[in-house]
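> sequence and predicted structure below; questions after.
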Amino acid sequence: MAYRVTRHPLVKNDLLDITMLVGEYAGYEVAEDKIDLIEQKLRSLADFPHIGTVRSDFHPHLRAIPASDKATVCFTVNDETQSVFVLCISYGGADWQARVRERS
C-alpha cells in the first residue's frame, strides 16, 4: 500500500526559490526540468518511504535524500499512519538543517 505524502506549507516556497535561483543562472527551462525531477522524487516517496539517510540527530525520524543533482529533500515517515511528511527541500548547499529546525 502506498504511503500518503504531504508537505510542510513552506515547501512551496522552497520550490519557488529553487526555480528562481536556477532560472536566473541557467534559464527557466532548466529550472523547470530541475523542479520536475524533484517532484518525481517526492512522488516516489509514496512507494519507497524508507529511502535515504536517517538523520535523527537533527529531528526524530528525519530522513534526507538527494534529488535533481544539487537538491536535498528532508522528510519524516510515520508507519502507523502510513504517511510521509516533507519538511523542506534545499538546493546547492543551502542549510537544510536550519530549515528543519525552524519547521519542526
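That came in fine, so what should we check first? Please read these numbers as outputs of a predicted model, since none were measured by experiment.
> so what's the most centrally placed residue in the chain up against?
Nearest to the mean C-alpha position of the chain, counting by CA atoms, centre = their mean, stands residue 73 at 2.6 Å. Residues counted as contacts of residue 73 (CB atoms under 8 Å, 6 or more residues apart in numbering) are 38, 41-42, 45, 52, 64-67, 86, 88-89. C-betas here are computed from N, CA, C, even on glycine.
> go on, residue 64?
Contacts of residue 64 (CB under 8 Å, 6+ apart): 52-53, 55, 72-74, 96.
> go again with 10 Å.
52-55, 58, 72-75, 87-88, 90, 96-97, 100 (CB atoms under 10 Å, 6 or more residues apart in numbering).
> same check on residue 36?
residue 68.
> the chain should start at 415 in everything you say after this.
Sure thing, new numbering starts at 415, so read that last one as residue 450.
> before we move on, back to that, A strand includes the residue nearest to the centre of the chain, no?
Yes - assessed with DSSP: H, G, I helix; E, B strand; the rest coil, residue 487 lies in a strand.
> so what's the predicted local confidence for it?
Here the pLDDT value assigned to residue 487 is 98.
> and the contacts of residue 487, which of them are in helices?
452, 455-456 (DSSP state H).
> can you put the residues you listed in TSV and add distance to residue 423?
As requested, those are exported to TSV (distance: CB to CB, whole Å):
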residue	distance to residue 423
452	17
455	19
456	15
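> and those, which is closest to residue 418?
Using CB to CB, the shortest approach to residue 418 within these belongs to residue 456, at 12.2 Å.
> give the contact list for that closest one.
419, 421, 425, 429, 479, 481, 487, 489, 498, 500, 503.
> is it correct that the first one is in contact with residue 497?
Yes - judged on CB atoms under 10 Å, residue 419 makes contact with residue 497 at a distance of 7.5 Å.
> which neighbours do these two share?
459-460, 463.
> picking that back up, from the contacts of residue 487, which land in strands?
Using DSSP state E, 478-481, 500, 502-503 are the members of the contacts of residue 487 that sit in strands.
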